[in-house]
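J.: sequence-free structure coming up:
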């Protein structure tokens with residue numbers, strides 16, 4: 001139950017002159033970080049972590065979470081405008097956001113994205129405020145077997161969305177799984193597929209791989225066009241069109257509510273995070289499409305589904321961090337460092353010893369959402385001008401920025417090669433109708449599947465039937481089998497026609 005006395009005390013902690021500065025500054029920094037290819041929220045958070053030492057604990061944590069919130073939204077700007085997700089969680093936003101930008105509806109798409117981000121983040125923190133303890137206890141039920149079957153289900157669900165070729169989609173996913181094995185195995189400590197390069201010891205950098213797959217093919221394609229936007233609906237910085245997108249997003253109640261719940265739930269699971277949340281939300285929305293919906297061709301619901309889940313995952317990730325002390329992503333791992341820096345230990349004792357501060361942090365994060373909407377509208381209205389820049393200028397400048405961003409990520413020249421190599425892979429896959437998103441899912445989940453499978457074999461190799469006693473495993477196994485049977489049935493019916 002809610003402790004209204006503690007909530008009131010937590011709210012009183014926010015009435016300081018430093019708090020608005022922390023929210024405004026962190027939000028602006030996060031939006032900029034998210035909009036730069038190659039920059040990640042974790043990198044920005046790590047850079048400002050030492051600066052928080054002189055701040056009080058609550059102000060420091062609100063500053064860190066503001067950067068985190070802003071980066072999740074900023075990553076969607078370039079995903080819409082130039083098909084380049086600033087963060088992996090924004091990859092699903094490209095599916096419908098970029099087609100809208102090419103049709104001259106970039107401002108509307110940005111409005112949809114901003115409103116969905118604000119709504120998703122606000123809902124997740126409201127859920128966090130009310131249900132943080134039960135949610136954390138439920139997340140504890142997910143062991144290695146549950147996570148393994150969850151990832152299998154997500155991959156199959158994404159594959160069934162691709163009506164062109166289920167087999168090619170599965171093949172692309174398997175390629176992603178194979179590529180994910182490059183690097184040092186966590187379970188055995190053996191280096192695999194590194195070719196003797198130190199840059200590959202830790203595996204392929206996911207963010208650079210994703211940026212390369214989505215950005216480079218688009219750079220190749222826009223060279224043949226005068227600019228990105230070919231439509232005539234609205235100018236490059238049409239504020240009215242942007243606000244029209246905001247209003248339209250608020251009307252898609254079912255889409256953003258479902259996306260917010262999916263994002264909050266997935267955010268609770270370690271190593272899942274915003275990427276899986278947005279993809280699963282998009283997949284679910286696509287499955288529920290009505291006649292006339294054009295998912296993948298500029299459907300507003302697709303943007304709302306992806307972005308509401310993207311930002312809602314933040315609330316789930318913070319819940320699991322504060323209640324169990326488990327960081328669900330690289331960003332929350334850095335935020336956990338901020339807790340420790342100020343003498344706070346994330347975990348069950350955090351509520352007992354610092355309940356007022358925890359509620360103050362949650363309320364501060366809710367306040368961030370209102371600021372996010374205002375700041376994002378201002379920033380997006382200016383960033384939208386990029387779609388009218390002549391391609392002969394835009395393409396080489398973006399190529400240089402991508403190269404610099406790849407190098408600055410870890411300081412390895414090999415990262416530039418990896419980025420552009422994945423760009424060529426992305427171009428080949430697009431040209432021959434393989435599914436890029438399936439490749440990305442395999443690459444993103446491969447390491448988790450590898451680790452969970454090893455644990456699964458160790459724990460259940462002597463008694464596989466013991467899995468039947470696990471209800472979560474059984475549910476995901478049945479759902480996965482149902483997806484396979486549905487696909488086989490669809491293929492058989494199409495051949496008979």
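T.: Here it is on my side, so go on. Everything numeric in this text was worked out from a predicted model, so none of it was measured. Numbers count the residues shown, from 1 in each chain.
J.: show me the contacts for residue 34.
T.: Neighbouring residues of residue 34 by C-beta atoms under 8 Å, 6 or more residues apart in numbering: 41, 70, 71, 72, 73, 74, 75, 76, 77, 86, 87, 90. From N, CA and C alone the C-beta is placed, and that goes for glycine too.
J.: neighbours around the fourth one, how many?
T.: A count of nearby residues for residue 72, using other C-beta atoms under 10 Å, gives 30.
J.: report the separation between it and residue 100.
T.: According to C-beta to C-beta, to the nearest Å, residue 72 stands 20 Å off from residue 100.
J.: kindly report the same for the first one.
T.: In this structure, residue 41 and residue 100 are separated by 25 Å, where distance is defined by C-beta to C-beta.
J.: comparing those two, which shows the higher neighbour count?
T.: residue 41 (30 against 27).
J.: that one and residue 33 touch, don't they?
T.: Yes. In this structure residue 41 lies within contact range of residue 33 using C-beta atoms under 8 Å: 6.3 Å.
J.: shared neighbours, those two?
T.: In contact with both residue 41 and residue 33: 67, 71, using C-beta under 8 Å, 6+ apart.
J.: burial of the residue nearest to residue 201 when sequence neighbours are not counted, as a residue count?
T.: Excluding the flanking residues, the one nearest residue 201 by C-beta to C-beta, 6 or more residues apart in numbering is residue 184, at 5.5 Å. For residue 184, the neighbour count with other C-beta under 10 Å is 14.
J.: quick one, phi/psi of residue 184?
T.: phi -80, psi 130 (degrees, to the nearest 10).
J.: helices or strands next to the helix or strand hosting residue 480 in the packing?
T.: Per DSSP states H and E, residue 480 falls inside helix 471-496. On a contact count with 3 or more C-beta pairs under 8 Å, 6 or more residues apart in numbering; DSSP states H and E, helix 471-496 meets helix 144-161.
J.: now do the helix it packs on against helix 471-496, angle only.
T.: Interaxial angle, helix 144-161 versus helix 471-496 (axes from the mean of the first three to the mean of the last three C-alpha atoms, to 10 degrees): 20 degrees.
J.: average pLDDT across helix 144-161?
T.: Mean per-residue pLDDT for helix 144-161: 71.
J.: for stretch 288-298, same thing?
T.: 79.
J.: endpoints of it, how far apart?
T.: Terminal residues of stretch 288-298 lie 16 Å apart, using C-alpha to C-alpha, to the nearest Å.
J.: please compute how far that stretch lies from its chain's middle.
T.: For stretch 288-298, the separation from the chain centroid amounts to 22 Å (computed by C-alpha atoms, centre = their mean, to the nearest Å).
J.: may I see the buried residues of it?
T.: Residues of stretch 288-298 classed as buried: 295, 298 (neighbour count, 16 or more other C-beta atoms under 10 Å).
J.: and for that stretch, what are the contacting residues?
T.: With C-beta under 8 Å, 6+ apart, stretch 288-298 has contacts from 95, 96, 99, 100, 102, 103, 105, 285, 286, 299, 301, 302.
J.: distance check, the last one against residue 309.
T.: Spelled out, that is residue 302. From residue 302 to residue 309 the distance is 11 Å (C-beta to C-beta).
J.: please apply the same query to the second one.
T.: Residue 96 sits at a distance of 14 Å from residue 309 (criterion: C-beta to C-beta).
J.: between these two, who's got more neighbours?
T.: For residue 96 and residue 309, the more surrounded residue by other C-beta under 10 Å is residue 309, and the numbers stand at 37 against 28.
J.: what secondary structure does that one sit in?
T.: Assigned by DSSP: H, G, I helix; E, B strand; the rest coil, the conformation of residue 309 is helix.
J.: now do the contacts for it.
T.: 120, 259, 260, 262, 263, 266, 274, 277, 278, 280, 281, 282 are the contacts of residue 309 under C-beta under 8 Å, 6+ apart.
J.: not counting sequence-adjacent ones, nearest residue to residue 335?
T.: Closest to residue 335 by C-beta to C-beta, 6+ apart is residue 64, at 5.1 Å.
J.: swap that for residue 307, sorry
T.: Residue 307 sits nearest to residue 116 (C-beta to C-beta, 6+ apart), 3.9 Å away.
J.: the one you found contacts residue 308, doesn't it?
T.: Yes. Applying C-beta under 8 Å, one finds residue 116 in contact with residue 308, separated by 4.3 Å.
J.: intersection of neighbour lists for the two?
T.: 256, 259.
J.: and whatever helix or strand residue 75 lives in, what does it pack against?
T.: Element membership for residue 75 (DSSP H and E) is helix 57-81. Packed against helix 57-81, as judged by 3+ C-beta pairs under 8 Å, 6+ apart, are the following elements: helix 18-34, helix 41-48, helix 94-102, helix 106-139, helix 300-324, helix 330-341, helix 348-383.
J.: so the helix or strand containing residue 257 versus helix 144-161, what angle?
T.: Using DSSP H and E, residue 257 falls within helix 253-267. On the basis of the same axes, to 10 degrees, helix 253-267 is oriented at 140 degrees to helix 144-161.
J.: and helix 253-267, what's its mean pLDDT?
T.: 88.
J.: report the buried residues of it.
T.: Quick answer for helix 253-267 (16+ other C-beta under 10 Å): 255, 256, 258, 259, 260, 261, 262, 263, 264, 265, 266, 267.
J.: and the following helix or strand past it, what does it pack onto?
T.: Downstream of helix 253-267, the next assigned helix or strand under DSSP H and E is helix 273-287. In terms of contacts (3+ C-beta pairs under 8 Å, 6+ apart), helix 273-287 is packed against helix 144-161, helix 253-267, helix 300-324, helix 436-460.
J.: coming back round to it: of all the buried residues of helix 253-267, which two lie farthest apart?
T.: Farthest apart among those by C-beta to C-beta are 255 and 267. That separation is 18.1 Å.
J.: out of the helices and strands packed on helix 57-81, nearest to residue 203?
T.: Judging the helices and strands packed on helix 57-81 by C-beta to C-beta, what sits closest to residue 203 is helix 330-341, at 13.1 Å.
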